[in-house]
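Q: Just need the structure, nothing else, for what follows:
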Amino acid sequence: VARIVSSEIPDADQNPQLYEMVKSHMIHGPCGVPNKNSSCMEDGKCTEEFPKEFRNETAPNKDGYRRYRRRDNGVIAKVGKYEVDNRLVVPYNPHLLMKYDAHINVEVCATVKSIKYLFTYVYKGRRCANIKLELPVKDGTTFAKLWNWMKLKPISTLHMSVHQKPEAVWRLFEFPLHDKSHSIIRLAIHLPNMKPVYFAEGNELEALD
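A: The predicted structure is shown next:
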C-alpha cells in the first residue's frame, strides 16, 4: 500500500519538486489548536479527523478505512505561517501528483462500502448554475423566435443543470443508469450441532430431546 498511497512529507533534498507539490496541494488545514477558525472545524473538532495519529505501518480500520503510515520521522514543512508534519498530509499518489501538479486525494478502497460510495457519488445530483442570458439580436431572427418561444425577457436569469457531454447524451437517449440481475435471498443455515432451539421457559430439557 505504501508504494501506491503516501501520507508523508517527502525528503526536500532527495525530491524537492515532490516536496513543494505536497506542501502546495496535499496539506490539510492546518486546523485544530493552531487554527481553530478553519472551515473544517465543528464543535472544536476537525470533521475530517485531522491531525491523524503517527503510525509506523499501514493497517485497516474496523470500518474498512485504511490508517496510513505516518512515521514520526521529524520531517517538518512550513505552510504559510504554520509548521506541519505527517499527521496533516492528505493521502496521495506521488506519480499522479508529479504528473498533474494538483490536489489528488488517493485512497485504498477494498470493501463493499466502496460500491455504496460510487452510487452515492453518481446519484448525488447534478451541478447547477445560474445563467444570465441577454438577447443581442433584432426581432425576426431564428434566435429571437426561440427566445420568444421560451417566453424569456430581453435579459433573463435561468437556473440550469450542468452536464458533461457523455452524461448528457446518455440521459437524452434515456439509457438505464443502473441495473441488477439477481435477487438476494437470505437462507437460515447453521453449522453442525449449532441448530437454533426454541423452548418455553422451564422446558429446556424437553426441547433438547
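Q: tell me the secondary structure for residue 182?
A: When classified by DSSP: H, G, I helix; E, B strand; the rest coil, residue 182 comes out as coil.
Q: Quick check: it vs residue 66, distance?
A: 30 Å (CB to CB, to the nearest Å). Bear in mind the C-beta positions are built from the backbone N, C-alpha and C, glycine included.
Q: Tell me which of the two has more neighbours.
A: More neighbours surround residue 66 than the other of residue 182 and residue 66, with 17 against 5 (other CB atoms under 10 Å).
Q: Domain map for the chain?
A: Domain ranges of the chain: 16-114, 126-193, per automatic domain parsing.
Q: Now distance to residue 1 too, for the ones you listed, in a markdown table please.
A: Formatted as a markdown table, those follow (distance: least, CB to CB, whole Å):
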| stretch | distance to residue 1 |
| --- | --- |
| domain 16-114 | 5 |
| domain 126-193 | 30 |
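Q: Same list (the ones you listed) but as a markdown table, adding distance to residue 201 and mean pLDDT.
A: What follows is the domains of the chain, written out as a markdown table (distance: least, CB to CB, whole Å; pLDDT from 0 to 100):
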| stretch | distance to residue 201 | mean pLDDT |
| --- | --- | --- |
| domain 16-114 | 36 | 90 |
| domain 126-193 | 23 | 74 |
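Q: Out of those domains, which is the most enclosed?
A: Of the domains of the chain, the one with the most neighbours on average (mean count of other CB atoms under 10 Å) is domain 16-114, at a mean of 15.
Q: end-to-end on it?
A: 34 Å (CA to CA, to the nearest Å).
Q: Can I get stretch 98-105 in CSV? Just the C-alpha atoms.
A: Output of stretch 98-105 as CSV, limited to C-alpha atoms (Å, rounded to 0.1, in the frame of the first residue of the first chain):
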residue,chain,number,x,y,z
MET,A,98,4.0,14.8,-10.1
LYS,A,99,2.1,14.4,-13.3
TYR,A,100,-0.8,16.8,-12.7
ASP,A,101,0.6,19.1,-10.1
ALA,A,102,-2.9,19.4,-8.4
HIS,A,103,-4.7,18.2,-5.4
ILE,A,104,-5.5,14.5,-5.9
ASN,A,105,-6.6,12.5,-2.9
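Q: any idea how far it is from the chain center?
A: Distance of stretch 98-105 from its chain centroid, counting by CA atoms, centre = their mean, to the nearest Å, is 16 Å.
Q: contacts for it?
A: 17-18, 21, 25-26, 90-93, 96-97 (CB atoms under 8 Å, 6 or more residues apart in numbering).
Q: at 6 Å instead, please
A: Stretch 98-105 is contacted from outside by 21, 25, 90, 96, using CB atoms under 6 Å, 6 or more residues apart in numbering.
Q: Repeat that for stretch 121-130.
A: 157, 159-162.
Q: can I assume residue 19 is in contact with residue 10?
A: Yes - assessed by CB atoms under 6 Å, residue 19 is found in contact with residue 10 at 5.0 Å.
Q: anything in contact with each of these two?
A: Counting by CB under 6 Å, 6+ apart, no residue touches both residue 19 and residue 10.
Q: Run through the helices of the chain in chain order.
A: Using DSSP state H, the helices found in the chain span residues 16-25, 94-100, 113-122, 142-149, 165-172, 204-208.
Q: So for residue 74, which of these sits nearest?
A: helix 16-25 (14.6 Å; CB to CB).
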